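1. generate coordinates for the sequence data below:
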Amino acid sequence: MHDMLADPIKAEPIVAAEADGRLARLSTARPGDKGVIVEVRAESRPSDHGIGVEELQRRLLEFGFVEGAAIEVLHEGAIRRDPIAVRVDDMRIALRRRDAEDVWVLLERR
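-> Take a look at the predicted model:
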């Protein structure tokens, strides 16, 4: 299964990206933002998801939210900007913002 996962991101660019604000939670991204997933860490307010953090993390990984995957925010809902539609590699996925909080992305510069 590990052969299917994308190449991991090196730590040095992540530290630099964090310093210049390009490292962000997917939940804060806007339509048109593109980047690469650097980490999936289901830990934020587990009671808000309705499922356990381990289950949420497993589901995100099964959907293709893996380190190194290319991501683009395509659309956001009209009510409180929720849900968001994202492209992960070649798949389109709708995701609640509270679940997107647990996906960290390295955004491209605009």
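
2. beta-bridge partners for Trp104, please?
-> As for beta bridges, Trp104 partners with Arg25, Glu39 under DSSP bridges.

3. and it, what does it touch?
-> By Cβ atoms under 8 Å, 6 or more residues apart in numbering, Trp104 lies in contact with Leu23, Ala24, Arg25, Leu26, Ile37, Val38, Glu39, Val40, Arg41. Using the backbone N, CA and C atoms, a C-beta is placed for each residue, glycine as well.

4. ok, of those, which come out buried?
-> Leu23, Ala24, Leu26, Ile37, Val38, Glu39, Val40 (16 or more other Cβ atoms under 10 Å).

5. which residues of the chain fall in strands?
-> Listed in chain order, the strands of the chain (DSSP state E) span 23-25, 34-40, 70-76, 84-88, 91-95, 103-107.

6. what's the angle between the fourth one and strand 91-95?
-> With axes from the mean of the first three to the mean of the last three Cα atoms, to 10 degrees as the criterion, the two stretches strand 84-88 and strand 91-95 enclose an angle of 150 degrees.
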